[in-house]
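1. the following block contains a protein sequence and its predicted model.
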Amino acid sequence: MPTNVVVFIHGITPLPRPASHTQLYKQFWNAMTQVEPSLEGEGFTRFAHVEWGQPVDGLPQRGDSFLAEAERRVGERVSFDRVKAHPSELNVLHGGILGDWSWLPGLRPVLRRIREQLVSLGLADAVYYTSEEGERAVRLAVYGQVLEKLRPLRAHRDVRLHVIAHSLGVTVSHDFLYGLFGKAGEPDFLAQADRPEDRADYDLWRTKAKSGELRVGSFVSMASQLPIFALRKNALVRQLAEGGTLDAAAIGIAPDGPVRWLVTYDVDDVLGFATRELYGNPACIRQVQVDAGDTPIAGHDGYWEHEQVIAQAARLIAASAAA
């Protein structure tokens, strides 16, 4: 009987003081069990509720633990409300009777909110992950938590990962799976890891991935940013520039096999993208456009409570576990 491990990985958030995501993960899973009661069975008892970018109660602070608070403080300092409250010769505001008047005055507050919440508090996470230090810090946090949950299963011969990821968490998840299933040489994490047990476990699970003892049961991605992050490496830049596509097999999903990857996106979400076409036209990826929210901020955060996303995810995981 396979051992199913469900991994939740959150992404960026426009909230200035984000709360723990554990309750959100549990609500999402409970809602899925209402759609597919089989998910309440003994086959699904192992969960990794990953937290990164903020402190976690009971755990020592890591480098990434300060990220959310740093973003909040930076955002407060450079917000226009704070800037315009202290005009001076060294802080010159737009002059004139009407100030910086716009033909679309109703649009400006919306754009400011997007800039000061979604960009300043959200996109900053992506900038952090693209830096060498930030990438290492996030991977130490995320990979470390997943590997800790997998540690008791080292002797198991049929472990299936069911990854549910949102926003930047989709990219981090993709990187985690690529290092296990697709990386030809030594994955970067083996040099990045600061704990010997994490290095040993990641190497072990790579071996199990090659032998078929570790498989990707399903991958649920919401608000994917992979089309942007695919441009991080020169080899991929050239491959895509020459008309090439990516290969789902690199993350352990057979392109011509049954559906194992669900992509959900909202056209009002400025930080989430359709992704299936990046991989060509594979049978293994099902892509669904949803209406998670009618504004860029609501559209980016609304997937976790969206009935269609929940239902599609539940059916995919239940079908994958039964296969």
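-> On my side now, so go ahead.
2. pLDDT of stretch 209-218, averaged?
-> Computed over stretch 209-218, the mean pLDDT rounds to 97.
3. residues touching the nearest residue to P227 once chain neighbours are set aside, list them.
-> Nearest non-adjacent residue to P227, counting by CB to CB, 6 or more residues apart in numbering: F273, 4.7 Å away. C-betas here are computed from N, CA, C, even on glycine. Applying CB atoms under 8 Å, 6 or more residues apart in numbering to F273 gives the contacts 223-228, 265.
4. three-state assignment of F273?
-> Secondary structure for F273, judged by DSSP: H, G, I helix; E, B strand; the rest coil, is coil.
5. and the gap between it and S38?
-> Per CB to CB, to the nearest Å, F273 is found 31 Å from S38.
6. re the thing from before, tell me the pLDDT of the residue nearest to P227.
-> Model confidence at F273, expressed as pLDDT, equals 94.
7. same check on L118?
-> Per-residue confidence for L118 comes out at a pLDDT of 68.
8. returning to what we had before: now for the contacts of F273: which two are most distant?
-> The two members of the contacts of F273 with the most space between them (CB to CB) are I228 and Y265, at 13.0 Å.
9. which parts of this protein are strands?
-> Along the chain, the segments classed as strands by DSSP state E run 3-9, 46-50, 159-166, 214-222, 261-265, 285-289.
10. and the last one with strand 214-222, angle?
-> The reference is to strand 285-289. Between the axis of strand 285-289 and that of strand 214-222 there is an angle of 10 degrees, by axes from the mean of the first three to the mean of the last three CA atoms, to 10 degrees.
11. residues in contact with strand 285-289?
-> Here strand 285-289 makes contact (CB under 8 Å, 6+ apart) with 248, 253, 259-267, 274-276, 279, 308-309, 312, 316.
12. repeat that with 10 Å
-> Residues from elsewhere that reach strand 285-289 (CB atoms under 10 Å, 6 or more residues apart in numbering): 219, 221, 224, 248, 253, 255, 258-267, 274-279, 308-309, 311-313, 315-316.
13. low pLDDT regions in the protein?
-> By pLDDT under 70, the low-scoring segments of the chain are 14-17, 58-59, 96-108, 116, 118, 120-121.
14. more crowded one of I228 and Y265?
-> Neighbours per residue, other CB atoms under 10 Å: of I228 and Y265, the larger number sits with Y265, 22 against 13.
15. quick check: the gap between T13 and H21.
-> For T13, the distance to H21 (CB to CB) stands at 9 Å.
16. any shared contact partners between those two?
-> Contacts common to T13 and H21, judged by CB under 10 Å, 6+ apart, are 53-54, 166.
17. in JSON lines: these, plus distance to S173 and neighbour count.
-> Listed next are the shared contacts of T13 and H21 as JSON lines, based on distance: CB to CB, whole Å; neighbours: other CB atoms under 10 Å:
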{"residue": "G53", "distance to S173": "15", "neighbour count": "29"}
{"residue": "Q54", "distance to S173": "18", "neighbour count": "20"}
{"residue": "H166", "distance to S173": "10", "neighbour count": "28"}
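18. mind putting those residues into JSON lines with distance to H174?
-> Shown next, in JSON lines, are the shared contacts of T13 and H21 (distance: CB to CB, whole Å):
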{"residue": "G53", "distance to H174": "18"}
{"residue": "Q54", "distance to H174": "22"}
{"residue": "H166", "distance to H174": "13"}
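19. which one of those sits closest to A191?
-> Nearest to A191 out of the shared contacts of T13 and H21 is G53 (CB to CB; 22.3 Å).
20. report how many residues lie close to the closest residue to that closest one other than its chain neighbours.
-> Distance criterion CB to CB, 6+ apart; nearest residue to G53, sequence neighbours excluded, is L67 at 4.4 Å. Number of residues near L67 (other CB under 10 Å) recorded here: 21.
21. isn't L67 up against V138?
-> Yes - between L67 and V138 there is a contact under CB atoms under 10 Å: 8.6 Å.
22. what's the overlap in contacts for those two?
-> Overlap of the contact sets of L67 and V138 (by CB under 10 Å, 6+ apart) consists of 52-53, 125, 128-129.
23. most neighbours of all these, which one?
-> Going by other CB under 10 Å, G53 tops these with 29 neighbours.
24. please verify my assumption that that residue contacts G11.
-> Yes - when contacts are counted by CB under 10 Å, G53 is listed as touching G11 (9.3 Å).
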